[in-house]
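Colleague: Task: produce atomic coordinates for the following.
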Amino acid sequence: MPVYDYKCRKCGAEFEKFLRSLAAAAAVTCEKCGSARVEKLVTCCAISSGGRTESAGSSKSSHSCGSCSSHSCSTCH
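Modeller: Numbering: from 1, shown residues only. Down below sits the predicted model:
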């Protein structure tokens with residue numbers, strides 16, 4: 001289950017939200033002020049494969065994108 005980072009456009013608070021479905025994303029509100037004016041932040045993730053964990057943008061990646069370690073995100077060329 002994914003955890004997303006959000007930032008409130010009203011008070012500037014940053015917080016994490018565990019979402020069970022895409023429908024739940026529409027109901028996210030700021031944990032500090034209650035505003036619905038929140039934006040999902042772009043963050044890196046960690047991917048575990050074969051007992052080794054690398055974070056996105058790791059220097060171990062040979063791909064020039066640097067935005068992800070799977071080389072299949074929308075920013076990869």
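Colleague: Would you map the strands across this protein?
Modeller: Under the criterion DSSP state E, the chain contains strands at 3-8, 14-18, 38-40, 46-49, 52-55.
Colleague: Tell me the buried residues in the second one?
Modeller: Think strand 14-18. 15, 17 (16 or more other CB atoms under 10 Å). Heads up, the C-betas are built off the backbone N, CA and C, glycines and all.
Colleague: The first one too?
Modeller: When neighbours are counted by 16+ other CB under 10 Å, the buried residues of strand 3-8 are found to be 6, 8.
Colleague: can you check the third one too?
Modeller: Of the residues in strand 38-40, those buried by neighbour count under the rule 16+ other CB under 10 Å are residue 38.
Colleague: just to revisit the earlier point, Serialize the strands of the chain to a markdown table and add fields for distance to residue 28 and mean pLDDT.
Modeller: Listed next are the strands of the chain as a markdown table, based on distance: least, CB to CB, whole Å; pLDDT from 0 to 100:
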| stretch | distance to residue 28 | mean pLDDT |
| --- | --- | --- |
| strand 3-8 | 6 | 94 |
| strand 14-18 | 6 | 94 |
| strand 38-40 | 6 | 95 |
| strand 46-49 | 23 | 70 |
| strand 52-55 | 24 | 53 |
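Colleague: how about TSV for these, with distance to residue 24 added?
Modeller: Formatted as TSV, the strands of the chain follow (distance: least, CB to CB, whole Å):
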stretch	distance to residue 24
strand 3-8	10
strand 14-18	8
strand 38-40	12
strand 46-49	23
strand 52-55	26
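Colleague: Tell me where this protein is predicted with low confidence.
Modeller: 1, 45-46, 50-77 (pLDDT under 70).
Colleague: you'd agree residue 15 is up against residue 34?
Modeller: No - the criterion here is CB atoms under 8 Å, and residue 15 misses it with residue 34 at 11.9 Å.
Colleague: and residue 29, which of the strands of the chain is closest to it?
Modeller: strand 38-40 (6.8 Å; CB to CB).
Colleague: Partner strands of that closest one and their direction?
Modeller: Strand pairing for strand 38-40, determined by DSSP bridges: strand 3-8 (antiparallel).
Colleague: What lies in contact with the strand it pairs with?
Modeller: Strand 3-8 has contacts (CB atoms under 8 Å, 6 or more residues apart in numbering) with 13-19, 25, 28, 30, 32-33, 35, 37-41, 43.
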